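> Next input, structure requested:
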Amino acid sequence: MPDHPVLMHTVLDAVDVRGLAEFYRELLGLHYRAGDEVPVGEDDADWLVLVDARGRRVLAFQEEPALTRSTWPSADVPMQLHLDFRVPSVEELERHRRRAQELGASLLLDRTDELDEPLYVLGDPEGHPFCLLVGTA
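As a prediction, this is how the structure comes out:
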């Protein structure tokens with residue numbers, strides 16, 4: 001028995017649950033939990049889970065009828081939570097930033113001129129901020 005609670009996954013609220021799940025599935029190369037795949041001709045999902053190649057839960061998405069998008073970097077509507085994703089090089093950072101934007105992300109901050117830790121802050125299609133940065137484990 002573990003000594004502490006174990007993180008199952010991180011949950012993101014979304015107006016379009018399937019759309020946001022698809023964004024992260026494509027961006028991160030994840031898969032739907034068994035049973036969460038799109039049923040033929042229907043999709044009224046209000047809760048979806050994405051897993052990694054080993055079947056471990058990574059992200060979940062729950063329906064919220066209305067969301068106020070973060071206005072970060074303005075403090076009017078703060079981030080409250082964000083995700084950090086690392087890549088091994090500046091070249092990979094640029095590739096993944098372009099790919100994220102092609103999938104529907106928006107650029108919120110370009111900090112690639114910082115040599116110690118170049119990064120981009122992007123907003124996913126529902127407005128949740130996330131970082132792509134060059135880093136090591």
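> where does this structure dip in pLDDT?
Residues of the chain that meet the criterion pLDDT under 70 lie in 1-2, 39-43, 137.
> which residue packs closest to the spatially most central residue of the chain, ignoring adjacent ones?
The geometric centre of the chain, computed from its C-alpha atoms, lies nearest to residue 24 (CA atoms, centre = their mean), at 5.1 Å. Here the nearest residue to residue 24 in space, its sequence neighbours aside, is residue 59; by CB to CB, 6 or more residues apart in numbering that works out to 5.5 Å. For the C-beta atoms, the positions are set from N, CA and C on the backbone; glycine is no exception.
> hmm, back to that, please point out which parts of the strand or helix carrying the residue nearest to the centre of the chain sit buried.
Assigned by DSSP states H and E, residue 24 belongs to helix 17-28. For helix 17-28, burial by neighbour count (16 or more other CB atoms under 10 Å) applies to 17-18, 20-25, 27.
> In TSV, list the residues you listed along with distance to residue 75.
As requested, these are exported to TSV (distance: CB to CB, whole Å):
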residue	distance to residue 75
17	28
18	31
20	24
21	29
22	30
23	26
24	26
25	31
27	27
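> which two of those lie the greatest distance from each other?
Every pair in the buried residues of helix 17-28 was compared (CB to CB); the two farthest apart turn out to be 17 and 27, at 16.0 Å.
> how much space between the residue nearest to residue 24 and residue 10?
According to CB to CB, to the nearest Å, residue 59 and residue 10 sit 6 Å apart.
> hmm, back to that, list the contacts of the residue nearest to the centre of the chain.
30, 50, 59, 124 (CB atoms under 8 Å, 6 or more residues apart in numbering).
> redo that, cut-off 10 Å
Residues in contact with residue 24, defined by CB atoms under 10 Å, 6 or more residues apart in numbering, are 12, 30, 48, 50, 58-59, 61, 83, 103, 124-125, 128, 130.
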